[in-house]
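>>> Quick check, what structure comes out for this input:
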Amino acid sequence: MTILKPSDFSPRYLKTLLLTACCLNTGVHAPAFAGEPVMATRAATSMTLSERNLRAHLSFLADDLLEGRGTGQRGGDLAVRYLETQAALVGLQVLPGNKVQGYRQAVDILGSQTLPESQIRFFASAQQWMPVPGKDVVFGSSGGRQNVKFSAPLLFVGYGIHAPEENWDDFKQADVRGKLLVMMVNDPQPTAEEPQRFGGAALTYYGRWTYKFEEAARRGAAGVLLIHTDASAAYGWNVPQTSFSHERFSLPGMGNPLEGWIQEDAARQLFTAAGLDLDQLRQQAERRDFQPVLLNATAQAEVHNSVRQVRQYNVLGMVPGTDPVLKSEAVIYSAHWDHLGIETDANGKTQIWNGAVDNASGSAALIEMARVAVRQPTRRTQIFLWPAAEEQYLLGSATYVQQAPWPLAKTAADLNLDSMNFVAATKDIGVAGSERSSLYHSAVKVAKAMKLRIAPSVPDLGGAYFRADHFNFARVGIPAFNVGSAVFSGDGHFDFDKAPQEVYLKKMRDFKQDYHTVRDVYHPDWDLSGMLQQALFTLRLGQEVGNDSKMPVWNPGEAFGKIPRQ
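Numbers count the residues shown, from 1 in each chain. Below is the predicted model of the structure:
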């Protein structure tokens with residue numbers, strides 16, 4: 001790709017590009033794209049989404065000009081400016097109250113970039129070993145800590161889970177304060193006697209790395225290292241490697257003095273030096289009677305960070321409801337605008353993580369959906385939300401629910417779009433996560449009207465439900481799910497309109513190798529019919545919720561349903 005330098009972005013050049021993009025919905029000298037207009041449904045409908053508009057928004061948001069839309073970077077600022085311009089252009093209204101300024105909601109976060117002089121060293125059985133950062137271990141600090149230095153014993157705590165409802169406690173009564181915790185990712189596996197423990201084959205939130213970092217912080221640990229395997233993490237080493245090589249962000253007061261990952265082979269070397277068998281300890285950790293194991297080892301760590309305060313923005317606007325009573329309630333459509341940004345290494349090589357699929361696709365779709373929704377309001381208010389800093393632990397959506405500009409008790413649902421179908425139209429639609437609530441029944445109704453089947457459910461082995469912005473809404477009791485993600489649902493169950501099936505399935509599967517790499521770029525020859533279809537399904541589902549006399553509810557026994565909405 002052609003890499004543009006900051007000096008190439010003159011004010012006139014930026015203004016020209018932004019104005020050109022803004023013309024897309026006005027019909028003024030817009031670039032011509034084939035396939036305009038496109039009916040993104042298998043059945044007749046009055047809702048027409050424009051392939052031309054969607055493609056133009058997508059190609060612009062994924063362009064090198066926006067430098068990967070990085071949190072705290074120039075490209076992120078450009079993305080925000082573009083989105084709020086589009087929100088105004090399509091006719092979204094500003095939300096009432098003082099928690100937003102225009103189309104923006106401030107997200108105040110702390111950025112930490114781990115400096116090269118940071119190091120961790122292990123001492124075990126008179127041996128000393130320094131793992132290679134990036135290759136053997138990745139680590140950093142969060143919460144705005146500039147300099148961290150400590151010596152701490154290592155404590156293996158199995159999965160690092162405390163789950164009273166599962167009668168499970170990996171910590172027992174161990175005092176973990178001041179210790180460096182070593183944990184497995186994922187959660188305890190099902191057994192013949194308990195096939196549904198911890199969700200059976202599916203991953204629960206207890207298995208997510210975010211929970212484990214949170215639990216370590218709650219208990220006052222010196223830090224936490226997660227043992228990485230591709231199978232247990234559901235992604236390769238490149239994902240944490242990429243994450244920790246970039247600036248990492250957190251809300252004030254969050255996180256641990258040290259948190260990171262250690263490669264399985266490196267962990268095995270450490271445990272062997274401490275006179276322990278890692279595989280044997282893993283087997284013990286599958287039992288309820290597991291006891292934390294103090295390693296005959298000590299860690300000496302120094303973490304030095306460049307820390308800065310950053311203000312980012314969620315972008316949001318609304319279509320007011322038409323019903324005198326129900327307009328006080330809202331359905332939210334969300335899609336994060338950020339990706340991993342731009343970086344120049346010590347050798348002067350510049351790389352851009354464009355994030356075309358993840359998530360210029362969802363951001364672009366939301367603009368086009370909003371254009372149509374303005375012309376077709378529902379009884380309830382519809383809110384279009386582009387959260388910031390999703391790639392930084394869902395911080396934008398976390399800020400939204402913490403400082404909710406619309407009452408959470410009056411929020412019917414959140415329908416999230418993240419990493420959309422860029423391959424081709426399908427005969428089915430993925431609704432994984434909707435089965436937790438009555439949203440599933442609404443989804444079935446909409447799918448039937450569009451002559452689509454509901455895609456077969458597959459176990460959520462990677463914990464996809466907990467990895468996107470809708471999860472923060474679920475955590476506060478609002479029914480929510482991610483609609484038909486191409487990345488996390490691309491395991492071979494999509495039924496494409498085109499043949500041969502295997503060719504299209506391979507495109508989707510292959511993207512998993514491009515996920516969170518510089519290869520996630522926009523291709524002009526992409527068939528966007530599947531993206532249009534997914535966007536239209538989401539809009540029609542939101543309008544079904546928006547017009548229903550009752551708000552969606554969680555299924556009986558669902559843990560999220562026990563959370564009172566504030």
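>>> how about the nearest residue to Val239, chain neighbours excluded?
Once flanking residues are discounted, Val239 sits nearest to His516: 5.5 Å by CB to CB, 6 or more residues apart in numbering. Where C-beta positions appear, they are placed from N, C-alpha and C, glycine not excepted.
>>> Tell me the spacing between that neighbour and Gln241.
From His516 over to Gln241 the distance is 10 Å, taken as CB to CB, to the nearest Å.
>>> Pick out whichever of these two has more residues nearby.
Using other CB atoms under 10 Å, the more surrounded residue of His516 and Gln241 is His516, with 22 against 18.
>>> did I read that right, that one in a helix?
No. Judged by DSSP: H, G, I helix; E, B strand; the rest coil, His516 forms no part of a helix; its state is coil.
>>> what about it, distance to Tyr235?
Following CB to CB, the distance that separates His516 from Tyr235 is 8 Å.
>>> in the stretch 451-566 of the chain, which spans are strands?
For the stretch 451-566 of the chain, applying DSSP state E, counting those that start in this stretch gives strands covering 453-454, 480-482.
>>> among those, which is nearest Val138?
Counting by CB to CB, Val138 lies closest to strand 480-482 out of these; the figure is 26.3 Å.
>>> Phe422 is in contact with Ser529, correct?
No. Counting by CB atoms under 8 Å, Ser529 sits too far from Phe422 to count as a contact (10.1 Å).
>>> Point to the helix or strand of this structure where mean pLDDT is at its lowest.
Here the helix or strand of the chain ranked lowest by mean pLDDT, DSSP states H and E is helix 11-22, holding a mean of 46.
>>> Moving C-terminal from that one, which element do we reach first?
Helices and strands here follow DSSP states H and E; after helix 11-22, the next one along the chain is helix 51-61.
>>> Let me know the distance separating the residue most central in space within the chain from Trp406.
Most central in the chain under CA atoms, centre = their mean is Ala468, positioned 3.3 Å from the mean C-alpha point. Separation of Ala468 from Trp406 (CB to CB): 20 Å.
>>> got it, and Arg52?
Using CB to CB, Arg52 is found at 32 Å from Trp406.
>>> more crowded one of these two?
Trp406 (22 against 19).
>>> And the more buried one, what's its pLDDT?
Looking at Trp406, its pLDDT reads 98.
>>> ok, it - contacts?
Taking CB atoms under 8 Å, 6 or more residues apart in numbering, we find Trp406 in contact with Leu95, Ala330, Ile332, Thr381, Ile383.
>>> where exactly do the helices run in the stretch 51-200 of the chain?
Here the stretch 51-200 of the chain has its helices, by DSSP state H, counting those that start in this stretch, at 51-61, 74-90.
>>> Then the stretch 401-550 of the chain?
Under DSSP H, counting those that start in this stretch, the stretch 401-550 of the chain gives helices at 439-449, 470-474, 501-514, 529-547.
>>> Show the subsequent helix or strand relative to the lengthiest strand in the chain.
For the chain, the longest strand by residue count, based on DSSP state E, is strand 293-319. Downstream of strand 293-319, the first helix or strand assigned by DSSP H and E is strand 330-334.
>>> how about low-confidence regions in the stretch 1-150 of the chain?
By pLDDT under 70, the weakly predicted segments of the stretch 1-150 of the chain are 1-46.
>>> Please apply the same query to the chain.
Ranges of the chain meeting pLDDT under 70: 1-46, 485-493.
>>> Distance-wise, check the residue of it most remote from its centre relative to Val182.
The centre of the chain is farthest from one residue, Ala126, which by CA atoms, centre = their mean lies 42.8 Å away. Distance check for Ala126 against Val182: by CB to CB, it reads 20 Å.
>>> What of Gly321?
From Gly321 over to Val182 (counting by CB to CB), the distance is 51 Å.
>>> what about those two, which has more around it?
Between Gly321 and Val182, Val182 has the larger neighbour count (other CB under 10 Å), namely 27 against 21.
>>> ok so, going back, is it possible to export the helices of the stretch 51-200 of the chain to JSON lines including distance to Gly430?
What follows is the helices of the stretch 51-200 of the chain, written out as JSON lines (distance: least, CB to CB, whole Å):
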{"stretch": "helix 51-61", "distance to Gly430": "19"}
{"stretch": "helix 74-90", "distance to Gly430": "25"}
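>>> closest to Ala216 out of those?
helix 74-90 (29.2 Å).
>>> Run through the neighbouring helices and strands of that closest one.
Counting by 3 or more CB pairs under 8 Å, 6 or more residues apart in numbering; DSSP states H and E, the packing neighbours recorded for helix 74-90 are helix 11-22, helix 51-61, strand 293-319, strand 341-344, helix 361-375.
>>> same thing but 6 Å
On a contact count with 3 or more CB pairs under 6 Å, 6 or more residues apart in numbering; DSSP states H and E, helix 74-90 meets strand 293-319, helix 361-375.
>>> ranking the ones you listed by burial, who's on top?
With neighbours taken as mean count of other CB atoms under 10 Å, the helices and strands packed on helix 74-90 reach their highest mean count in helix 361-375, at a mean of 25.
>>> mind listing what Gly75 touches?
Leu66, Glu67, Gly68, Arg69 (CB atoms under 6 Å, 6 or more residues apart in numbering).
>>> ok, now which ones touch the second one?
The one in question is Glu67. Glu67 is in contact with Gly75, Ile342, Ile352, counting by CB under 6 Å, 6+ apart.
>>> Tabulate the residues you listed (JSON lines), appending distance to Arg208.
Converted to JSON lines, those look like this (distance: CB to CB, whole Å):
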{"residue": "Gly75", "distance to Arg208": "28"}
{"residue": "Ile342", "distance to Arg208": "28"}
{"residue": "Ile352", "distance to Arg208": "28"}
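>>> So which of these is the closest to Thr114?
Ile342 (18.0 Å).
>>> tally of neighbours for the closest one?
22.
>>> List the contacts of stretch 181-191.
Against stretch 181-191 from outside (CB under 6 Å, 6+ apart): 154-157, 159-160, 197-198, 200, 204, 206-207, 209, 212, 216, 221, 224-227, 232-233, 286.
>>> distance between the ends of it?
Stretch 181-191 has its terminal residues 26 Å apart, counting by CA to CA, to the nearest Å.
>>> coming back round to it: quick one, which of the helices and strands packed on helix 74-90 gets closest to Ala346.
That would be strand 293-319 among these, by CB to CB, at 14.7 Å.
>>> Between helix 74-90 and that closest one, find me the angle.
30 degrees (axes from the mean of the first three to the mean of the last three CA atoms, to 10 degrees).
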